[in-house]
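# next one to model:
(chains A, B, C and D)
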Number of protein chains: 2
Amino acid sequence: MVHSEMQTPATDRLSATFAALADPTRRAILARLALGETSVSKLAEPFAMSMPAVSKHLKVLERAGLITRGRDAQMRPCKIEAAPLIGVDGWLTDYRKLWEERLARLDDYLQVLKAEGEAQQNKSKETKRGRKK
Amino acid sequence: MVHSEMQTPATDRLSATFAALADPTRRAILARLALGETSVSKLAEPFAMSMPAVSKHLKVLERAGLITRGRDAQMRPCKIEAAPLIGVDGWLTDYRKLWEERLARLDDYLQVLKAEGEAQQNKSKETKRGRKK
DNA sequence: CGTGTATTTAACCACTAGGTTATTTAACTA
DNA sequence: TAGTTAAATAACCTAGTGGTTAAATACACG
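Numbering: from 1, shown residues only, chains lettered A, B, ... in the order given. I've put the predicted structure just below:
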């Protein structure tokens, strides 16, 4: 029962998107591309790294669907694609209430204190440790 | 001549957040924690992996600030933290116009977005050759 | 043709990431 | 004191990532 099976690290779309965005160089490239299509050389200019390194970053972005590449003579103009970002936005939607609720609670703090006995939320409340706040 | 200088992999906050979110197991853990605090064992239950593996995932989430851990007897209840997600939301804001413009132009694009969600479409329409400038 | 330009690919290296099993720490319980 | 439970740490393995330099590919032009 050894570990003869290794799983693919990030095959799904969302994982690929997040992984691609997890690098500051790639995010800078996207920021540049948000202004318009550009060649690879132009993209590489601001960075203190070799062209092959940039080329690899572009490949990661392309495989994540965050950019597409065309052809203009020797140049391969890169264009940003919004679809994966929409995916991130959608994923984030499920968690927005997390901080929006918290802000709302700050506003209604007095009422919360008042309505302490009112049991509207029946989430896991069984761990009764004396946690004073 | 040699390459004895290695760049920081992902020290900044946003990179750490994206890197933490780039794993389906960790996103599942976050989804579970969005419902309320839970112990590590409870978190590990749905996954076909060992506890140390889950523990490592939790450490990644913690270092990204996405969770905090308390203490309740032997258990270390994990709690989701919204701050890094707000950071992602803020970063995304700069790119929202990218697809909102597009939505304004093609309003049936909404249906495409709704219909997909898992489909990886490599549409090769609109590959217009750039011709000479 | 050959030459210059733009970009990718190949081969390599150090380090990281995600998993395992085995061991250790920490806190409750009898 | 020992025993049990919850979780973390240690040591290890394999594959992936981010960078390098050197060579290969693709295209335009004289």
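# tell me which element the residue nearest the centre of chain A is part of?
Within chain A, one residue has its C-alpha closest to the average C-alpha position: by C-alpha atoms, centre = their mean, that is A:Phe18, at 4.5 Å. Using DSSP states H and E, the element containing A:Phe18 is helix A:13-21.
# tell me what angle that helix forms with helix B:13-21.
For helix A:13-21 against helix B:13-21, the angle between stretch directions is 150 degrees (axes from the mean of the first three to the mean of the last three C-alpha atoms, to 10 degrees).
# state the next helix or strand along the chain beyond helix A:13-21.
Toward the C-terminal end, the helix or strand that comes next after helix A:13-21 (DSSP H and E) is helix A:24-33.
# just the CA coordinates of that following helix, formatted as PDB?
As requested, C-alpha coordinates have been extracted for helix A:24-33 and formatted as PDB (Å, rounded to 0.1, in the frame of the first residue of the first chain):
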ATOM      1  CA  PRO A  24       3.600  38.700  -9.200                       C
ATOM      2  CA  THR A  25       5.300  38.600 -12.600                       C
ATOM      3  CA  ARG A  26       2.300  37.100 -14.200                       C
ATOM      4  CA  ARG A  27       0.000  39.500 -12.500                       C
ATOM      5  CA  ALA A  28       2.100  42.400 -13.800                       C
ATOM      6  CA  ILE A  29       1.900  40.900 -17.300                       C
ATOM      7  CA  LEU A  30      -1.800  40.800 -17.000                       C
ATOM      8  CA  ALA A  31      -1.900  44.400 -15.700                       C
ATOM      9  CA  ARG A  32       0.100  45.400 -18.800                       C
ATOM     10  CA  LEU A  33      -2.200  43.400 -21.100                       C
END
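# packing partners of that helix?
helix A:13-21, helix A:40-44, helix A:51-63, strand A:78-80, helix B:13-21, helix B:83-105 (3 or more C-beta pairs under 8 Å, 6 or more residues apart in numbering or on different chains; DSSP states H and E). Bear in mind the C-beta positions are built from the backbone N, C-alpha and C, glycine included.
# which of the residues in that helix are classified as buried?
Under the neighbour-count criterion of 16 or more other C-beta atoms under 10 Å in any protein chain shown, helix A:24-33 has A:24-27, A:29-30, A:32-33 buried.
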